[in-house]
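S.K.: next input, structure requested:
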Amino acid sequence: MNFASPASLFFFLLALPIIALYLLKIRRREIEISSTLLWQLALRDRQAIAPWQKLRRNLLLLLQLIMLSGLVLALARLAIPVPVVASGAVILILDGSASMQSTDLGPSRFDRAMQITSELARDAGADTTLTGILAGQQARILFAGTRNTAEIEQILAGLKPSTGEADWAAALALAAGIGNQQNEEPPTFIIISDGGLPPDGLPPLPGAVRYLPVGSSADNLAIAAFDLRTLPGLAPTEAELFIRVSNYGDDDRVAFLAVTADNDTQILNQQLSVAAGESVVLTIPHIPAAQATFTARLSNLQAGLALDSLALDDVAFASLAPPAERRVFLVSPGNLFLERLLLLLPHVQPLRVVPDKDGHFNIPEDVDGLYIFDGVTPAGGYPPTDLLILNPEPNPLFSVIGETETVGAATVAEHALTKFLEWQDIHILKTRLMAAPPWADVLVSTAATPLIFAGEEGGRRIAVVGFDLHHSDLPLQVAFPILFSTLIDYLAPQRAVEAGEGLRVFDGITITAGPETTQIEVAPPEGNPIPVGLDSIPIIFQETGTPGLYEVRVTTETGTNRERVAVNAFSALESDIRVAEEIRVGTSVVTSTRPAAVSNRELWAWILGLTLGFFMLEWLAYHRPAGRVRQDMAFSRKLDR
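M.R.: Numbers count the residues shown, from 1 in each chain. The predicted structure follows:
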């Protein structure tokens with residue numbers, strides 16, 4: 001045992017005046033006696049009553065000395081040494097990923113991790129300060145530079161694990177930034193996790209790293225993929241369901257797999273056997289390609305029993321909305337390459353705007369759709385809709401400086417629109433000299449000028465190709481259909497919602513809003529619809545932390561378009577709930593840590609509690625009935641004899 005404030009032990013000297021009060025002459029008490037024969041006893045008692053008397057056994061004195069000892073020990077902060085993981089400046093990194101929802105440690109691994117955090121706070125010595133960081137979908141600081149157990153437990157009480165992967169790179173970078181601000185010795189970093197960290201790419205930490213593993217079971221059967229898609233070879237009105245079930249445990253498993261449609265129609269219900277560490281793939285063809293949603297669910301063969309430790313990945317969702325026909329207006333004096341391409345693109349309704357007898361192009365009043373202007377600028381300006389402009393003339397949207405026949409080697413920028421674009425064998429005779437506006441991203445450029453750029457301006461999408469197709473061999477290359485089909489899909493998306501394939505929790509849902517859009521709402525799987533602002537470009541809905549089906553409602557003057565988007569918790573990193581024996585941080589491998597340091601656990605709170613109990617005993621002893629007091633006095637006299 002030791003004391004954090006040993007100088008307070010001098011307060012034990014207060015016992016001297018307490019004892020002195022019991023040695024001083026006692027007060028005389030008037031007692032009625034029935035016979036003078038008792039005077040002899042009274043005289044004997046008087047002789048004992050002197051300024052200082054012999055110290056007698058006294059319950060009140062004993063209790064008061066015990067209370068004084070308790071108060072002094074509490075002031076001196078009596079402590080006992082206990083083994084701890086670390087001392088000094090300690091930075092705790094708490095795993096808040098989806099795998100921490102596993103229930104192999106009841107009620108969950110995350111609850112056990114919070115319990116470990118509370119225990120570290122309770123065992124922290126006087127020289128220890130704790131900083132807590134939650135590694136979730138977004139890393140954040142929970143508490144900083146404290147050892148207040150009550151404050152820490154209050155903060156932990158409101159935490160829940162995420163439904164997706166943790167951003168470990170951000171969490172460790174945040175921890176390293178805090179550690180570098182320490183003016184004293186380097187801090188100790190403690191990672192409380194089941195070990196589901198990325199195998200590489202994490203930043204190093206400026207100090208000793210400890211790893212406290214949480215979890216006991218690797219048993220987990222998961223729906224690893226569930227998709228509904230149209231494929232080549234199927235009828236235009238049909239789609240195919242694709243399902244992959246993976247067993248991440250060490251034992252072979254058997255479960256029920258059920259697939260239902262949004263109208264509760266049962267598509268599939270069968271018993272599925274999956275070997276340990278293997279996957280089973282199922283396909284269900286001839287699904288009607290109408291707007292529909294589907295749910296796949298794994299369950300235990302014994303009804304009412306949990307399938308495994310992690311229920312999050314036992315259910316998955318899929319949605320498919322048939323793409324709407326897109327109207328594309330080609331304003332051109334004649335371009336056979338573009339005309340043929342538009343006829344081959346799926347779900348595109350190509351319309352050509354022909355010139356009048358004076359050579360002028362009359363733009364239709366109905367401007368709903370994509371307009372392609374091939375070397376033509378309308379007299380009244382471009383219509384307020386999505387545009388694809390080729391071989392542009394001077395216009396108010398961007399600067400056209402002139403024309404050049406010196407076209408050097410081109411560079412293709414890394415962009416979603418150039419993902420499959422190959423430009424090495426393309427030659428251009430001449431092109432417009434342009435300056436890319438601030439709202440556009442340059443996709444292909446030379447040293448002299450950008451060749452192709454695209455972006456969003458004023459709520460509409462615009463793409464520009466700076467040269468005439470007839471002045472290049474681009475239409476003869478494979479890059480031609482790839483480039484223009486990608487640009488048309490970008491400018492005239494097939495759906496109002498661009499969810500992409502395999503949308504996972506916390507991925508954004510991109511919503512296309514035209515000039516006629518008046519309101520956008522998104523109804524999550526649980527809760528009320530959430531309004532989405534129309535002032536941001538692009539419009540991305542980010543509140544997708546719950547797996548399930550989200551309904552996107554886009555309202556225009558003519559009505560409301562509703563589309564349902566599936567969001568899933570697919571993640572092999574989280575579904576593999578096996579507890580890692582070691583983790584890699586930076587270039588270091590960190591294994592499971594046992595208590596290696598010694599800290600002092602202070603007992604002042606317990607001592608104060610016991611002292612309060614003795615105070616109550618002293619109060620009860622002092623206020624006992626008078627008859628009982630007289631018996632104690634007689635008993636004390638007998639002892640004095």
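S.K.: please make it C-alpha for all contacts and neighbour counts, starting now.
M.R.: Fine.
S.K.: what segments of the stretch 401-550 of the chain are helices?
M.R.: Using DSSP state H, counting those that start in this stretch, the helices of the stretch 401-550 of the chain run over 479-491.
S.K.: end to end, how far does stretch 175-195 reach?
M.R.: Counting by C-alpha to C-alpha, to the nearest Å, you get 17 Å between the two ends of stretch 175-195.
S.K.: residues near residue 485, how many?
M.R.: Using other C-alpha atoms under 10 Å, residue 485 is surrounded by 18 other residues.
S.K.: again, but for the one 4 residues further on
M.R.: Applying other C-alpha under 10 Å, we find 15 residues neighbouring residue 489.
S.K.: and the longest helix belonging to the chain, what does it pack against?
M.R.: In the chain, assigned by DSSP state H, the helix with the most residues is helix 604-622. When contacts are defined as 3 or more C-alpha pairs under 8 Å, 6 or more residues apart in numbering; DSSP states H and E, helix 604-622 sits against helix 59-75.
S.K.: going along the chain, name the strands of the stretch 251-400 of the chain.
M.R.: Assigned by DSSP state E, counting those that start in this stretch, the strands in the stretch 251-400 of the chain fall at 253-261, 266-274, 279-288, 292-299, 315-320, 326-331, 348-353, 370-374, 387-390, 399-404.
S.K.: picking that back up, could you pull up the mean pLDDT of the longest helix of the chain?
M.R.: In this model, helix 604-622 carries a mean pLDDT of 76.
S.K.: run the chain-centre distance for it.
M.R.: Here helix 604-622 is found 48 Å from its chain centre; the criterion is C-alpha atoms, centre = their mean, to the nearest Å.
S.K.: please point out which parts of it sit buried.
M.R.: 604, 607, 608, 610, 611, 614, 615, 618 (16 or more other C-alpha atoms under 10 Å).
S.K.: isn't residue 452 right up against residue 464?
M.R.: Yes. Taking contacts as C-alpha atoms under 8 Å, residue 452 lies within contact range of residue 464: 5.6 Å.
S.K.: which one of the two is surrounded by more residues?
M.R.: residue 464 (25 against 22).
S.K.: which residue is the nearest non-sequential neighbour of that one?
M.R.: Counting by C-alpha to C-alpha, 6 or more residues apart in numbering, residue 389 is the residue found nearest to residue 464 once chain neighbours are left out, at 4.8 Å.
S.K.: next: residue 398.
M.R.: residue 437 (5.7 Å).
S.K.: show me what contacts residue 401?
M.R.: 394, 432, 433, 434, 435 (C-alpha atoms under 8 Å, 6 or more residues apart in numbering).
S.K.: 10 Å instead, please
M.R.: By C-alpha atoms under 10 Å, 6 or more residues apart in numbering, the contact set of residue 401 is 393, 394, 432, 433, 434, 435, 449.
S.K.: which of those residues are buried? Put it as a PyMOL command.
M.R.: Buried subset of the contacts of residue 401, written as a PyMOL selection, criterion 16+ other C-alpha under 10 Å:
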select buried, resi 393+432+433+434+435+449
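S.K.: from the contacts of residue 401, which land in strands?
M.R.: 432, 433, 434, 435 (DSSP state E).
S.K.: hmm, the second one is touching residue 449, no?
M.R.: Looking back up the chat, that one is residue 433. Yes. Counting by C-alpha atoms under 10 Å, residue 433 touches residue 449, with 5.6 Å between them.
S.K.: overlap of the contact sets of those two?
M.R.: With C-alpha under 10 Å, 6+ apart as the test, residue 433 and residue 449 both reach 401, 403, 404, 466.
S.K.: wait, the last one touches residue 400, no?
M.R.: Same thing as residue 466. Yes. Residue 466 lies in contact with residue 400 (C-alpha under 10 Å); the separation is 9.2 Å.
S.K.: what pairs with the residue nearest to residue 464 across the strands?
M.R.: Residue 389 forms beta bridges with residue 373, residue 464, as assigned by DSSP bridges.
S.K.: so the residue nearest to residue 398 makes contact with residue 452?
M.R.: No. Taking contacts as C-alpha under 10 Å, residue 437 lies outside contact range of residue 452: 11.8 Å.
S.K.: tell me which element the most centrally placed residue in the chain is part of?
M.R.: Nearest residue to the geometric centre of the chain (C-alpha atoms, centre = their mean): residue 137, 2.3 Å. Using DSSP states H and E, residue 137 falls within no helix or strand.
S.K.: just among the shared contacts of residue 433 and residue 449, which is most surrounded?
M.R.: residue 466 (25 neighbours).
S.K.: quick check: that one vs residue 396, distance?
M.R.: Residue 466 is 15 Å from residue 396, by C-alpha to C-alpha.
S.K.: need the pLDDT of residue 103.
M.R.: Residue 103 is assigned 93 on the pLDDT scale.
S.K.: repeat for residue 358
M.R.: For residue 358, pLDDT reads 67.
S.K.: same question for residue 5.
M.R.: For residue 5, pLDDT reads 67.
S.K.: can you check residue 389 too?
M.R.: Looking at residue 389, its pLDDT reads 94.
S.K.: before we move on, what about the one 5 residues further on?
M.R.: We have a pLDDT of 90 for residue 394.
S.K.: ok, and residue 154, which helix or strand is that part of?
M.R.: Per DSSP H and E: helix 149-157 holds residue 154.
S.K.: what residues does whichever helix or strand comes after that helix touch?
M.R.: Once the chain leaves helix 149-157, the next helix or strand it forms, by DSSP H and E, is helix 168-180. Residues outside helix 168-180 that contact it (C-alpha under 10 Å, 6+ apart): 89-97, 131-141, 144, 185-189, 191, 196-198, 200-207, 585-586.
S.K.: who touches both of residue 466 and residue 400?
M.R.: 391, 392, 393, 432, 433, 434.
S.K.: show me what contacts the second one?
M.R.: Residue 392 is in contact with 373-377, 398-400, 431-434, 464-468, counting by C-alpha under 10 Å, 6+ apart.
S.K.: rerun at 8 Å
M.R.: 374, 375, 376, 377, 400, 432, 464, 465, 466, 467.
S.K.: give me phi/psi at the residue nearest to residue 356 when sequence neighbours are not counted?
M.R.: Among residues not flanking residue 356 along the chain, residue 362 sits closest, at 7.4 Å (C-alpha to C-alpha, 6+ apart). Main-chain dihedrals, residue 362, degrees, to the nearest 10: phi -100, psi 110.
S.K.: residue 362 and residue 395, how far apart?
M.R.: 18 Å.
S.K.: for the two, indicate the residue with more neighbours.
M.R.: The neighbour count for residue 362 versus residue 395, taken as other C-alpha under 10 Å, is higher for residue 362 (14 against 11).
S.K.: can you verify my assumption that that one contacts residue 355?
M.R.: Yes. Residue 362 lies in contact with residue 355 (C-alpha under 8 Å); the separation is 6.9 Å.
S.K.: who wins for proximity to residue 242 among the strands of the stretch 251-400 of the chain?
M.R.: Residue 242 sits nearest to strand 279-288 of all the strands of the stretch 251-400 of the chain, at 4.7 Å, using C-alpha to C-alpha.
S.K.: average pLDDT across that closest one?
M.R.: Per-residue scores along strand 279-288 average to 88.
S.K.: please enumerate the strands of the stretch 1-150 of the chain.
M.R.: 2-3, 78-84, 89-95, 129-135, 140-146.
S.K.: output these in JSON lines, with distance to residue 423 appended to each entry.
M.R.: JSON lines is the format used below for the strands of the stretch 1-150 of the chain (distance: least, C-alpha to C-alpha, whole Å):
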{"stretch": "strand 2-3", "distance to residue 423": "76"}
{"stretch": "strand 78-84", "distance to residue 423": "62"}
{"stretch": "strand 89-95", "distance to residue 423": "45"}
{"stretch": "strand 129-135", "distance to residue 423": "42"}
{"stretch": "strand 140-146", "distance to residue 423": "44"}
